[in-house]
Structures are given as structure tokens and as C-alpha cells.
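Asker: everything below, folded, please.
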Amino acid sequence: MIPNYQQFMRPFLEIAQAANGNEVKLRDVINELAVKFNLSEEEKAETLPSGNQSVLDNRVGWARTYLSKVGLLEVTRRAHFVITERGINALQDIGVVIDNKYLKQFDEFIAFKEQKNDTIETISDLEVTDEVTPDEALRAAYKKINDTLTEDILNRTRKVTPDFFEDLLIKLLLAMGYGGTGEGAAHALGKSGDNGIDGVIDQDPLGVDQIYIQAKRYAQGNNIGSGDIRDFFGALNLKKAQKGIFITTSDFTPSASQTAKDLGMRIVLINGAELAKLMLRYNIGSRDEQVLHLKKIDEEFFES
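Answerer: Okay, the predicted model is just below:
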């Protein structure tokens with residue numbers, strides 16, 4: 001039987017620790033775990049209902065997500081990880097079971113689990129306790145998966161190169177319908193780099209109306225202040241622009257948000273959380289794995 005994702009947590013950390021400070025690749029960890037738990041070829045090949053991912057990959061992937069959320073693992077690059085000092089300490093007591101109950105001692109885990117008051121563990125947990133209806137459980141699980149993806153997307157976006165970040169924003173704005181549909185659409189966000197303007201994109205296919213953009217790829221906590229908003233507003237005035245978008249992978253201070261409002265809402269603010277949600281919505285850095293249709297009885301059909 002394939003272990004659940006919590007049962008993979010400690011073995012995952014042990015494999016990472018055995019690397020002696022070197023990074024480990026997720027695929028190699030999955031293969032080692034399959035050997036450790038004596039999984040058969042049939043078990044390794046078992047897939048989710050969607051058929052797009054194996055159950056083993058999915059469960060080990062979720063174990064990795066939880067361990068990295070609480071700082072027991074650190075993501076070094078795509079699908080590569082190293083164990084942290086906290087992770088090493090967690091393995092000191094060989095009798096300790098590392099699972100969700102253990103992870104609750106960390107503030108990062110509480111914040112992750114209580115994100116937007118979402119404390120749901122799994123669909124099966126909810127069905128056992130009868131706390132919610134099955135369709136509520138399905139929607140809650142869907143929301144939890146998306147919340148996790150959103151945070152992961154934001155963390156990865158903060159680590160990309162400036163050129164990659166610019167290209168990412170181009171793809172997002174075009175996916176949202178900006179920039180028109182011509183051959184030059186992909187270059188709608190240019191490197192003007194003058195007077196505090198990072199780029200310009202057409203709001204319509206003919207380029208009659210334009211939006212000026214300021215983008216800051218900042219780490220969490222390095223928030224945008226009111227001075228940055230005033231500087232951007234001044235740059236918009238020099239360009240005689242009617243509107244602008246200020247995008248950051250961090251956040252805006254309360255004074256920055258108030259300044260934007262006081263300036264007549266000419267500036268739209270998009271913080272890291274909103275940027276990640278837009279990326280998820282428009283499939284920038286993510287993709288559809290499976291489409292589920294939630295159906296119900298058509299009462300009118302049977303009444304007729």
C-alpha cells in the first residue's frame with residue numbers, strides 16, 4: 001500500500017539529510033522512497049483519477065510542500081531541495097513522528113493551515129466527521145489546492161531573473177486581453193526604463209489607449225512605500241498618461257495604498273498575492289490538470 005503524504009515526511013527529510021548539505025532532486029527522492037517502502041511496479045504506476053500524475057508523485061509532492069512551508073526543507077531551484085537546520089533538528093529524536101501534528105508547533109504551519117480560515121485537512125477527514133457536505137468538502141479541497149499553488153507561484157516568481165520576470169508580466173497582461181493581437185503584442189511591454197516607467201502596454205488592439213507600468217520584484221517584507229507611488233504618479237504626469245499599474249511581488253504599505261487613492265485612483269496596485277492569483281487564473285506558470293464538473297439534479301426536467 002502506498003503511504004499517505006504524512007508518512008513520507010520523515011523519510012523525505014532523512015534522504016535530504018543523507019546528502020550532507022547537498023541538494024537533492026525530487027525525482028530521486030521519489031525513487032528512493034519507492035524502494036524504501038517496497039512499492040510494487042503496479043503501486044508506482046497507480047495514477048490519480050485524472051490520469052495525469054501518479055499517486056506516489058502526488059503524495060511525495062505534498063509531503064515536500066508541507067516540509068518546505070515550515071522551513072524543514074528549502075527550495076534551491078526547480079524540484080531541488082536541501083534540508084535546513086530546523087529539519088536536521090527535527091530528525092534528532094528518532095522516536096518522533098513527523099506529521100501534521102508535529103508541524104503544528106511551527107507558526108508557519110499554523111499560518112499555512114489557517115490561511116483565509118481554511119483549516120480543512122482532507123476530503124476524507126471531513127466525510128468521517130460529517131462536518132460538511134461532500135460538495136462543500138470538494139470545493140474546500142479545491143480552494144486549498146489553489147491557495148497552496150498561489151503561494152508556491154509567488155515564491156518562485158520572487159526568485160526568477162529580471163528578464164524572466166518581464167517576460168512573465170508580458171504573458172500575463174496579454175492573457176488578460178491587453179496588448180492587442182498583432183505581431184507586436186508580445187513586445188507590448190517594452191524596456192523604456194526612463195522617468196520611473198518600466199513599460200508600456202496597449203489597452204486595446206489599435207493602441208489608442210495605453211497603460212504605463214512599474215514593476216518591482218521584491219522579497220517578502222520589502223514593501224512599497226508612499227514615496228514610490230508619488231514618484232510613479234509624477235512619471236505618469238510627464239508622459240501625460242491617464243492610468244498606470246504598479247506591480248510588486250511584495251506588498252504595499254498602508255500609506256502607499258492611501259496615497260494611490262488620494263491621487264484619484266489613476267494607479268492600480270497589484271501586490272504579490274494578487275499577482276499570484278492572476279497568474280493562476282490565467283495559467284501563467286500553471287496549467288490545468290483536470291476539469292471536474294460538479295452536477296446536481298435538474299428538478300424542472302423531472303417535474304415536466
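Asker: walk me through the domains of this protein.
Answerer: 1-113, 162-281 (automatic domain parsing).
Asker: will you turn these into a markdown table that also has mean pLDDT?
Answerer: As requested, these are exported to a markdown table (pLDDT from 0 to 100):
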| stretch | mean pLDDT |
| --- | --- |
| domain 1-113 | 90 |
| domain 162-281 | 82 |
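Asker: of these, which is nearest residue 152?
Answerer: Of all the domains of the chain, domain 1-113 sits nearest to residue 152, with 7.4 Å by C-beta to C-beta. Just so you know, the C-beta spots here come from the backbone N, C-alpha and C atoms, and that holds for glycine as well.
Asker: centre of the chain to that closest one, how far?
Answerer: 18 Å (C-alpha atoms, centre = their mean, to the nearest Å).
Asker: repeat that for stretch 246-258.
Answerer: With C-alpha atoms, centre = their mean, you get 19 Å for stretch 246-258.
Asker: what residues of that stretch count as buried?
Answerer: 246, 247, 248, 249, 250, 251, 252, 253, 256, 257 (16 or more other C-beta atoms under 10 Å).
Asker: how about the nearest residue to the third one, chain neighbours excluded?
Answerer: To tie it back to what came earlier, the one meant is residue 248. Of all residues not flanking residue 248 in the chain, residue 216 sits nearest, at 4.4 Å (C-beta to C-beta, 6 or more residues apart in numbering).
Asker: for the fourth one, same thing?
Answerer: Nearest residue to residue 249, sequence neighbours excluded (C-beta to C-beta, 6+ apart): residue 272, at 4.4 Å.
Asker: tell me how many other residues crowd the one you found.
Answerer: Counted with other C-beta atoms under 10 Å, residues neighbouring residue 272 total 26.
Asker: pLDDT (mean, whole number) over the stretch of helix or strand residue 143 belongs to?
Answerer: Counting by DSSP states H and E, the element that carries residue 143 is helix 134-158. Averaging pLDDT along helix 134-158 yields 82.
Asker: that helix - contacts with which helices or strands?
Answerer: helix 123-129, helix 272-281 (3 or more C-beta pairs under 8 Å, 6 or more residues apart in numbering; DSSP states H and E).
Asker: name the surrounding residues that touch the helix or strand that comes right after the longest one.
Answerer: Where DSSP H and E defines the elements, the next helix or strand beyond helix 272-281 is helix 299-303. With contacts defined as C-beta atoms under 8 Å, 6 or more residues apart in numbering, helix 299-303 is touched by no residue outside it.
Asker: measure residue 215 to residue 162 for me?
Answerer: Spatial separation of residue 215 from residue 162 under the definition C-beta to C-beta, to the nearest Å is 9 Å.
Asker: got it, and residue 69?
Answerer: From residue 69 to residue 162 the distance is 27 Å (C-beta to C-beta).
Asker: please identify which of those two sits among more neighbours.
Answerer: Per other C-beta under 10 Å, whichever of residue 69 and residue 162 has more neighbours is residue 69, with 20 against 9.
Asker: ok, now which ones touch that one?
Answerer: With the criterion set at C-beta under 8 Å, 6+ apart, residue 69 makes contact with 108, 109, 112.
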